[in-house]
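>>> what's the 3D shape of this:
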Amino acid sequence: MTQPRLFLHVQDNELATQLLQSAAVRRFVVVRSSDTAPWSEQLLQQPCDLAFIQADQHSETDYQRLTASKLLAEIDFILISDGRPDPVLDKLMRGGAGYHFRRPLDLGCILDTLEDFYQQLSDSRQPVKANTSALDQFGLLVGSSRAMLKLYRTLRKVAVTEANVLIVGESGAGKELVANTLHLASYRAEQPFVAINCGALSPELVDSELFGHTKGAFTGAQREHQGVFAQAEGGTLFLDEVTEMPLEQQVKLLRVLESGEYRPVGSDKVLHANVRIVAATNRDPQQAIAEGVLREDLYFRLAQFPVQVPPLRDRGDDICGLAQHFLAYRNAQEQQQKQLAADTVALIANHSWPGNVRELKHAIERAYILADNHIQPEHLLLEQSADSDEDECLAEVPCGLPLEELEKAAILNTLEQNAGNKTDTARQLGISVKTLYNKLEKYQQAES
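Predicted coordinates:
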């Protein structure tokens with residue numbers, strides 16, 4: 001079997017020596033770059049299976065050469081940078097380059113990645129595609145913690161299969177980013193990625209949203225509608241919060257997964273689904289089965305390969321790293337040089353972040369607006385714990401108010417606090433998303 005070829009463009013002589021002396025690199029036929037021409041031009045003249053690129057800055061010409069030749073989509077890249085936001089580097093990642101490691105480097109992790117690529121190339125697999133972000137990254141995911149690096153390697157392996165994947169993780173942990181990364185790293189990457197929140201569907205329209213409907217199929221169906229199975233044809237269908245789907249529709253979804261066939265509402269024509277299913281939930285699946293909100297047979301169909309997304313509190317230094325990442329990119333957008341004060345970094349490191357990465361990102365964005373040059377702890381506007389607010393909340397409850405009005409106030413206030421996110425609101429209130437929709441519809445009818 002022919003050895004895989006590795007194109008090596010490294011400006012740091014010490015790093016180049018460490019790589020060339022490693023067992024991982026010696027597995028490849030190494031093609032070194034020279035100073036005679038830009039690295040992208042040299043790579044086009046002697047194509048390889050994998051490119052390892054370390055450059056202080058990338059030019060737009062590099063990107064244009066690679067995309068015009070389709071080389072960016074055909075081989076894998078490992079890119080090394082000093083951590084400064086670089087628009088061309090982001091374009092390379094969005095174009096499917098692969099991995100991007102930032103200094104200070106974890107050489108052991110880089111060598112493990114090279115070993116993975118060697119094994120994949122030796123198995124004659126197609127290259128893995130990815131997308132964008134900062135820190136060490138894979139696809140749309142960001143982070144350098146052991147938990148995230150383990151997740152990256154798991155996703156690379158399952159992405160190139162056709163297995164259905166069930167992503168389990170807390171709200172705000174990045175489940176949709178995981179699903180999108182799976183799609184980008186799969187053989188279906190050039191086809192559509194369609195996401196649908198099962199908890200946000202009206203019970204009366206679930207069938208139509210999933211399978212589509214014909215014109216005149218029901219009152220109000222004034223034209224033909226394609227369901228998400230048709231919209232995602234050839235690509236990936238992401239079913240977010242799948243445990244919130246009504247049981248009746250879970251049966252129909254199971255039927256499609258078993259037979260590959262479905263029928264649009266009002267049609268007698270049977271269609272064949274060609275999609276990969278990736279589902280997600282913020283519930284414990286076994287608990288959801290025990291509570292009767294998730295069919296066990298559907299769970300086993302969806303969870304051919306389960307993936308657990310780590311909560312932010314379990315990601316160690318990623319917490320402060322992500323805060324710096326969000327700030328760096330906001331600085332680049334606004335042409336500013338705002339910084340996190342030392343006390344702010346300590347507060348970020350010690351906060352529990354129940355809303356995970358989403359909460360952290362929103363906190364940094366709010367603080368960025370409020371702060372001048374230095375972001376102080378008071379700029380973060382972190383929510384107080386439920387325990388510290390308990391007495392204050394009890395004092396604000398008016399006496400003699402009907403329970404129905406109290407319930408309405410609790411629902412509307414929680415919905416406003418969550419910026420309209422119905423899934424998070426239902427979880428905090430301890431009710432199902434379907435119940436929440438029914439309550440909101442009732443309030444709306446009472447006002448009309």
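>>> neighbours of Q45, just the number please.
7 (other Cβ atoms under 10 Å). (C-beta placed from N, C-alpha, C; glycine too.)
>>> how near is it to T36?
11 Å (Cβ to Cβ, to the nearest Å).
>>> quick one: low-confidence parts of this structure?
1-2, 96, 123-135, 216-217, 219, 221, 383-401, 419, 434, 447-448 (pLDDT under 70).
>>> Stretch 43-54 spans what distance, first to last residue?
14 Å (Cα to Cα, to the nearest Å).
>>> Stretch 91-98 now?
12 Å.
>>> Domain ranges for this protein, per the record?
Following automatic domain parsing, one finds the domains of the chain at 5-155, 179-308, 312-379, 386-447.
>>> Let's have those in a markdown table, adding distance to G172.
Below are the domains of the chain laid out as a markdown table (distance: least, Cβ to Cβ, whole Å):
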| stretch | distance to G172 |
| --- | --- |
| domain 5-155 | 14 |
| domain 179-308 | 9 |
| domain 312-379 | 3 |
| domain 386-447 | 8 |
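>>> Please identify which of the ones you listed is closest to A173.
Smallest distance to A173 across the domains of the chain (Cβ to Cβ): 4.4 Å, for domain 312-379.
>>> That closest one: end-to-end distance?
End-to-end span of domain 312-379 (Cα to Cα): 21 Å.
>>> mind checking how far that domain is from the chain centre?
Relative to the centre of its chain, domain 312-379 is centred 19 Å away, using Cα atoms, centre = their mean, to the nearest Å.
>>> rewinding a little: so which of the domains of the chain comes closest to N164?
Closest to N164 of the domains of the chain, according to Cβ to Cβ: domain 179-308, at 4.5 Å.
>>> Please list all residues in contact with the residue lying closest to L254 once chain neighbours are set aside.
Take L254 and drop its neighbours on the chain: the residue closest to it by Cβ to Cβ, 6 or more residues apart in numbering is L298, 4.7 Å away. L298 sits next to Q250, L253, L254, L257 when contact means Cβ atoms under 8 Å, 6 or more residues apart in numbering.
>>> Assumed I167 was part of a strand.
Yes - the assignment for I167 (DSSP: H, G, I helix; E, B strand; the rest coil) places it in a strand.
>>> Within the helices and strands, which one has the residue positioned nearest the centre of the chain?
Most central in the chain under Cα atoms, centre = their mean is L177, positioned 0.7 Å from the mean C-alpha point. Secondary structure from DSSP states H and E places L177 in helix 175-184.
>>> Other residues contacting that helix?
Under the criterion Cβ under 8 Å, 6+ apart, residues 96, 129-131, 138-141, 151, 155, 158-159, 165, 167, 169, 189, 193, 195, 235-236, 238, 240, 276, 278, 280, 282, 307, 309 lie in contact with helix 175-184.
>>> Mark which of these are part of helices, please.
Counted as lying in helices by DSSP state H, out of these, are L151, L155, V158, A159.
>>> Out of those residues, flag the one nearest to Q231.
Q231 lies nearest to A159 out of the ones in helices among the contacts of helix 175-184, by Cβ to Cβ, at 21.0 Å.
>>> Ignoring the adjacent residues along the chain, who's closest to that closest one?
A185 (3.6 Å).
>>> Hmm, the one you found is touching R156, no?
Yes - with contacts counted by Cβ atoms under 8 Å, A185 reaches R156, the gap being 6.2 Å.
>>> before we move on, the earlier item: what about the residue nearest to the centre of the chain, distance to R315?
14 Å.
>>> Contact partners for Y262?
L210, F211, G227, F229, K252, R255, V256, V270, L271, A273.
>>> If we use 10 Å, what do you get?
By Cβ atoms under 10 Å, 6 or more residues apart in numbering, the residues touching Y262 are 207, 210-212, 227, 229-230, 252-253, 255-256, 270-273.
>>> Can you name the residues bridging to it?
L271 (DSSP bridges).
>>> separation between it and F229?
Y262 is 6 Å from F229, by Cβ to Cβ.
>>> Just give me the residues shared between the contact sets of the two.
Common contact partners of Y262 and F229 (Cβ under 10 Å, 6+ apart): L210, F211, G212, L253, V256, L271, H272, A273.
>>> Helices - which of the residues you listed land there?
Cross-referencing the shared contacts of Y262 and F229 against helices under DSSP H gives L210, F211, L253, V256.
>>> from these, which is closest to L107?
L253 (45.8 Å).
>>> could you measure the closest one against E74, distance?
Counting by Cβ to Cβ, the gap from L253 to E74 is 36 Å.
>>> Could you do E115 as well?
E115 sits 21 Å away from E74, going by Cβ to Cβ.
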